[in-house]
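> Generate coordinates for the sequence data below:
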Amino acid sequence: MNLTDIYIQKRIQGGDIKEFEKLFHKYYQPLCLHAFKILNDMDLAEDIVQEFFYQCWKNRQNLHVTTSINAYFYEAIRKNSLHYIEHLNVRKQYAEQARNSETEMEDGGQLQEIGLIELNKIVNLTLERLPDRCSRIFKMNRFEGKKYREIAVLLSISVKTVEADMGKALQFFRETLQEYRNITSKV
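As a prediction, the model looks like this:
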């Protein structure tokens with residue numbers, strides 16, 4: 001790490017917004033292009049970079065760059081982009097499992113009316129147990145058919161926050177429905 005990078009880091013840790021804006025203007029476009037090479041989606045690349053800069057500023061007092069700022073930024077964007085791809089793969093696997101479950105239900109016959117009512121109760125109870133924003137995001141996506149970007153705009157949050165909350169909600173549903181399956185399989 002050179003002296004200029006140490007100076008810049010200290011200024012930003014001290015809350016110097018002008019120094020931070022200089023970094024933002026210098027690195028924003030190149031980092032977007034770097035993320036685009038990984039994600040093949042410029043809107044998503046911009047979201048990743050914007051979220052990165054937001055987190056850098058928000059956590060500036062804990063910012064400890066041990067390499068050059070340039071290397072730190074590029075590596076962080078690479079990791080964030082790959083993490084997003086991993087998150088998408090998990091969502092795809094979940095969707096595939098859901099489709100397979102639907103097929104199994106159709107092949108195995110119709111659900112009894114009582115079982116469906118009970119399952120609806122479990123879904124509603126699960127939604128009530130989720131944090132408000134998580135529940136709201138889940139309903140907007142799954143019940144109203146809104147895309148993550150639309151939800152982010154409507155709630156004035158980042159797409160990454162929407163994705164994180166959906167991930168939490170889906171994990172919570174998986175756990176709750178697994179408990180339900182365990183109970184019903186014993187009956």
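> In the least confident helix or strand in the chain by mean pLDDT, which of the residues would be classed as buried?
In the chain, no helix or strand scores lower on mean pLDDT, DSSP states H and E than helix 113-129, which sits at a mean of 76. For helix 113-129, burial by neighbour count (16 or more other Cβ atoms under 10 Å) applies to 122, 123, 126, 127. All C-beta atoms are positioned from the backbone trio N, CA, C, and that covers glycine.
> what helices or strands is the following helix or strand past that helix leaning on?
Per DSSP states H and E, the first helix or strand lying C-terminal to helix 113-129 is helix 132-138. Counting contacts by 3 or more Cβ pairs under 8 Å, 6 or more residues apart in numbering; DSSP states H and E, helix 132-138 packs against helix 113-129, helix 148-155, helix 159-186.
> I would like the residues contacting helix 132-138, please.
With contacts defined as Cβ atoms under 8 Å, 6 or more residues apart in numbering, helix 132-138 is touched by 127, 128, 130, 151, 155, 162, 165, 166, 168, 169, 170, 172.
> For that helix, buried residues please.
134, 135, 136, 137, 138.
> next one: stretch 141-155
Judged by neighbour count using 16+ other Cβ under 10 Å, the buried positions of stretch 141-155 are 141, 146, 148, 151, 152.
> re earlier: with respect to residue 64, which of the helices and strands packed on helix 132-138 lies nearest?
helix 159-186 (22.4 Å; Cβ to Cβ).
> OK, contacts around residue 172?
Contact analysis of residue 172 by Cβ under 8 Å, 6+ apart lists 126, 129, 130, 134.
> now it: how far from residue 124?
13 Å (Cβ to Cβ, to the nearest Å).
> shaky segments in the protein?
Applying pLDDT under 70 to the chain flags residues 1-2, 101-116, 180-187.
> change it to 90
Within the chain, the stretches with pLDDT under 90 are 1-13, 16, 59-68, 83-132, 135, 138-146, 154-155, 159, 166-167, 169-187.
> which helix in it runs the most residues?
In the chain, taking DSSP state H as the definition, the longest helix is helix 69-107.
> Flag every buried residue along that helix.
69, 72, 73, 74, 76, 77, 78, 80, 81, 84.
> Does the second one touch residue 65 like I think?
The reference is to residue 72. Yes - applying Cβ atoms under 8 Å, one finds residue 72 in contact with residue 65, separated by 4.5 Å.
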